[in-house]
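Undergrad: Curious how this folds, go ahead:
(3 chains, ligands or ions: 2)
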Amino acid sequence: MNTQEIIARCEHLFEDLRFGAVKDWKAAKPGRKAIGYMPIYVPREIIHAAGMLPVGIFGGGDQLEVIQGDAYYQSYICRIPRSTIELGLTGRLDCLDGMLFPSICDVIRNLSGMWQIMFKDKYVKYFDVPQNYDDAIGGEFYVHEMQLLREDLGKLAGRPVTDQALRASIAVYNENRQAVRDLYAYRAAKPWQAPTSELYLVLRAGCVLPPEEHTALVRSYLSEAAKETRPQRDNARVVLTGSFCEQPPLSLIKSIEMAGCYVVDDDFQLIQSWLLDEVPVTGNPLEELSKAFLHHSTSTSSKYDEKKEDKGKFLLRQVKERGAEGVVFAAPSFCDPALLERPMLQEILARHKVPYTAFKYSENTGQMAPIREQAGTFADSIKLWSAA
Amino acid sequence: MRCFIGIDLGSTTTKAVVIDEQHRILGRGITNSRSNYDTAATVAKQEALLSARFHLFREALGTSGALNGGLDEFVGQLERDFRLEQFLVQLADLEQVCAKSVATARFGEAEKAVSTALGAVFARLRQEAPELFAPGAKRKSDFFRDIAGSRYLAIGEEVAKDSGLRYDFLLNVFDRSIIEVENRVYLDSLAPHLLAALKRTFKALPETAARGEAVRAPIQGVLDMPLEEAYVVGTGYGRARLPFSKEHVRSEILCHGLGAHVMYPHTATVLDIGGQDTKAIQVDPQGIVESFQMNDRCAAGCGRYLGYIADEMNMGLHELGPLAMKSTKMVRINSTCTVFAGAELRDRLSLGEKREDIMAGLHRAIILRAMSILARSGGVRNEFTFTGGVAKNEAAVKSLTELIAENYGKVTLNIDPDSIYTGALGGATFAWRAVMEEGKAIEKREAA
Amino acid sequence: MSTPIQIVPGTRTPKKPPQVQKEDSMWLQKELINGNYHELATAHEMNRKVSATFVPGNLNELLMCFNFARSLPETNALQNGMRKKSGKMIMDAERDGHSEDVCTYVKADLGMMLQGQVGPTGEALPTPDVLLLSYTGCFTFMKWFELIRQKYNCETVMLHVPYQGDGKISKNMRDYVLKQLKEKVIPTLEKVSGVKFDIDLLRQYMRESAKAEEDLVWTLQSAKHKPSPIDGYFGAVYYIGPIFTAFRGTPEATKFYSVLRSEIAQRIREGKGPVTPEGEHPGEKYRLVVEGPPNWTSFREFWKMFYDEGAVVVASTYAKVGGVYDFGFRHDPEHPLESLAEYCLGCYTNLNFPQRIDMICKYIDEYQADGLLINSIKSCNSFSAGQLLILREVEKRTGKPAAFIESDLVDPRYFSAANIKNRLESYFQMVKQKRTATAAH
Ligand code: SF4
Ligand code: SF4
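TA: Residues are numbered from 1 along each chain as shown, chains lettered A, B, ... in the order given. Ligands and ions are numbered 1, 2, ... in the order given. This is a model prediction of the structure:
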């Protein structure tokens, strides 16, 4: 497949709100099960080790008409829970045997209980992660939570999830994470060769494909994209942050690029790069996953910064390492975590003289003109700045 | 004869319905809600009582057989003549008030010129009045303020130009005078106006004049019969401002549910999309409200939204639906936020989308919001009754029909052309029940 | 949560001072609360350290062990709301870069700091020496204290209380909280205060807590009487004030609750309904259960819409935000730290949806309520996200009608009196009509 074909495939997977790929995977072998997860992070290794397909559910995008889902939410709540309920109530998620609701915010937390009530025959779990990063305290708690999930999924699968299977799955995901890291590094080096609208689709394919297949897809995209000769523009290099849950529409990502910005880092699909280093495949697998979570994981609004000095460190590092010239805060409307975090990060950026701009969106935002304008002005001002 | 009256004091119009002891609808009346709610309620009620009279005229003349064959034409002509009489009286009133206004307006030098111009304007208004009420004449509105206003402005502009007078002087006079006239209630004027109108009608339809007494007697009979207000119930958004006691006030939700039930006794779900809000109501087989939901604080998706769009497109509100019906490819519109309506529209147009396709998308978007509110209230059950101003919009009805079929299967959809009177009808029915079933009597107004 | 007494001074006009009805317990409470603000204002002068922590799952007894003067930022925000000062604070915070979309408690607090930290009573509030981030039942708490920490560089200690996603408290959750208490919270509080932790002192405070809790539960449950002698929402705001804030564990609070109890007992004997700001309740026509916090900026106007129609709230979930006591939980001096952990884990907003729905259905049944009213608060996703499902489920399970209104805690821009009144009236008339219909058929 060449680049265009790869992207076309990813786009098809992305647009398919009936999750054909998941159904196909299940149909290939009787008895296969799939488990959905919402943003922001769950240890997919455990699902994988249980022989199941982890499926990322990131809302309904801008093509889904939300009717029933809207009936459950006031106008001042973000859109992702509505479209997710719409997906559920219209039978589009019937291919999932369970749903995991990670600890990210009160909306998704409450959605976990709503799901228990609305979809009584499915496995539903609120998945908590520690905000205390001592191995003996938060680590212990987390290992227990993972153990619980492991037992539940073992029951669902009809056979226990062994340590050996877990280690194998960790290895599979280590490779996937490495591929994703390479993809990010490549884009940061040559953003004109791997535009973010493409990178995004390649990542989103990881929501529905088995990790092995996704790793191969990322790799082939990397080698195909390198063969292209695409024009390099005089764009501003920016880190985009705040889009870790409800996703912006693809047209918004395109608009930012068209307006003169190269996105050189982002937080669209944090789960795929949550653990920053390789997780050891020896030793107690849950403990290793826990250590990786506690000591070598990404930083984001839903995670506590233990010390004041930690705030913004991660973002500054992204800016520095990716050679970015500015930061774009793009948050879903009514997203508490992103919007409460924003002023703290902005203050730190200002202190370090990193320019930034900010706007809000929703997954079905239809008006691109203001965003194009804002991103364009931002890019221009960055260029003026660096010229001066 | 005993009458039961419901008055629905809405944010833009006030409606009244009169029913009799047999629970038949005798008359309906509508007027614009003004700053003075009490007047609006009184005027709407008078209009309804008046239309009840005409209803009774028609009945009486029908039974007497005096006009056999020519009944519709006759009553139609009589009503127009009556309106003309009314209009002329109000016009005379307006002229007087305007004259007073001139005296206090400090036009200085120009005062005399203004008075002369006013005289000319009113002379022309009087002269063209019969045309306004001729058979087949189209009026944008039936409210005095609108009819007189639009003609005053048009004629005034010409007169001002011809006489070299500042047009805004005339505007100023009108603005300062209309409210007083509009808020005047012309009590006890029915009989003289009607008799004057009858003269005109006989002139217009000479063949009926030949049967003079046979026609006049039944009319006189109806005129002589008092219409007793046995019980009045007020409802609507402005109900709290009505000078009624609590007993005589019902929430518009309850009235709407009951009104829809009276119109269509098998109604289970009611959707009302008005200018300011959208309501979804579930009623039981007796018309009692079981649950309801309204749009939240955000007015997105109410009728008002269409108003903004119409303004933005420089079109009349009633032209939107027909335009949308021409669409061949609907554009998906995601936001029904009134604040962004204009921006979204311009964005779409600049992308080269066709106006009718955008319109189709807008109508669907509004109905999508309503679908959510319906879902919130418990869904759509058979039968389903759609009311309110937006129910007159064919594109909205089309979207609604499609979406209901997609989401709830086959459901009977009822739309009454007089659905804006649903709340008032419910109110009248409450009034009827209060007397006929609960044996209550009307309170004195002073007690309220 | 609470001070009662100057319920809305803003509405006092020189022409016609409204007679606000007060009972002894209310005077007592006013003293308590003003006393606490004074203590806070003078703490640093008196060489006392100041702590700040959140209402749900607050560890008041523990903080008392270290002799902290205790501030509760949510209470400050609501007090400022009742005194009509919050609007400007919120706008100041928004001008300072905070989004219009987020919780107004946070913005009112930050806005107050921007205005020089003058507290609700007019005395200046000190910068806290420690932020005890009791992370219970609300994700916003974490951001709130991170924001304050960033501005004031305060020592901050996290107590992560896991959510009852499965509707129960597991051993793992309890152990986790307990360990944090022992290894993180207590050592930090010792370090900041310079006071050594004394578990017997904690036990002593907890004995007081348990006594007060007993009387509080009795008071709230008195609403099972017909007519109810209390209002379990608007009135309860005053009843829960001391125990949910800086006073649980003090003898003053214990006294407050015993005085309150005897006042209510007296009302029951006299067959009286609740006291309203304008005097005796006009007579109970509707008994309601309410879910969601009240609006503070128009608290009195809001309440009036209820008693004017003859409605009494017999039970509310909001009266449980600082602790769900009515199903048996009490602070236990025999197992002090364990019971603190249990307390935090059991807060209302830490319950999952099936638990919240069960609780409301139970209230409707046990308090013989006519229906449920949800006041949905724009600020608070913890309460509000998904409330429409609660509404639907409760209607389905109890067969009682439910209604939905919207407002905000301390943002006056989000209180539309006409809108709310319209819905409430429609709701009450619907309840009445249904009642007559059932009686007739
Ligand atoms: S978009 Fe923000 S507020 Fe909404 S569910 Fe996601 S994290 Fe929560
Ligand atoms: S979101 Fe709700 S619980 Fe959290 S701080 Fe705001 S009001 Fe309190």
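
Undergrad: And for the closest residue to B:Glu157 other than its chain neighbours, the neighbour number?
TA: Closest residue to B:Glu157 apart from its sequence neighbours, by C-beta to C-beta, 6 or more residues apart in numbering or on different chains: B:Tyr167 at 5.7 Å. C-beta here means a position set from N, CA and C on the backbone, and glycine is covered the same way. Neighbour count for B:Tyr167, taken as other C-beta atoms under 10 Å in any protein chain shown: 15.

Undergrad: Nearest to the spatial middle of chain A, which residue is it?
TA: A:Gln269 (1.8 Å; C-alpha atoms, centre = their mean).

Undergrad: Do I have it right that that residue meets A:Leu203?
TA: Yes - the pair A:Gln269 and A:Leu203 passes the contact test of C-beta atoms under 8 Å, sitting 4.4 Å apart.

Undergrad: distance between the strand or helix carrying B:Thr385 and the chain's centre?
TA: Here B:Thr385, judged by DSSP states H and E, is contained in strand B:384-387. Centroid separation for strand B:384-387 versus its chain: 18 Å, with C-alpha atoms, centre = their mean, to the nearest Å.

Undergrad: Okay, buried residues for the very next helix or strand once past it please.
TA: Where DSSP H and E defines the elements, the next helix or strand beyond strand B:384-387 is helix B:394-408. Residues of helix B:394-408 classed as buried under the neighbour-count rule (16 or more other C-beta atoms under 10 Å in any protein chain shown) are B:395-401, B:403-404, B:407-408.

Undergrad: From those residues, which one has the minimum pLDDT?
TA: The lowest pLDDT within these belongs to B:Asn407, with 89.

Undergrad: Which residues are in contact with that residue?
TA: With contact set as C-beta atoms under 8 Å, 6 or more residues apart in numbering or on different chains, B:Asn407 has these partners: A:67-68, B:371, B:380.

Undergrad: Quick check: it vs ligand 2, distance?
TA: From B:Asn407 across to ligand 2, the span is 33 Å (C-beta to the nearest ligand atom, to the nearest Å).

Undergrad: Could you check how far B:Gly427 is from ligand 2?
TA: Distance from B:Gly427 to ligand 2, by C-beta to the nearest ligand atom: 40 Å.

Undergrad: Is there a neighbour count for that residue? I'd like the number.
TA: If you count neighbours by other C-beta under 10 Å, B:Gly427 ends up with 35.

Undergrad: That one contacts B:His248, correct?
TA: No - using C-beta under 8 Å, B:Gly427 is not in contact with B:His248; the gap is 9.3 Å.

Undergrad: Now the common contact residues for the two.
TA: Contact criterion C-beta under 8 Å, 6+ apart; residues bridging B:Gly427 and B:His248 by contacting each: B:233-234.

Undergrad: Now residue 144. Nearest residue, chain neighbours left out?
TA: With no chain named, the answer covers chain A. Using C-beta to C-beta, 6+ apart and skipping residues adjacent in sequence, the residue nearest A:His144 is C:Asn172, 4.1 Å away.

Undergrad: wrong chain, I was asking about chain C
TA: Per C-beta to C-beta, 6+ apart, closest to C:Trp144 is C:Val106, 4.9 Å.
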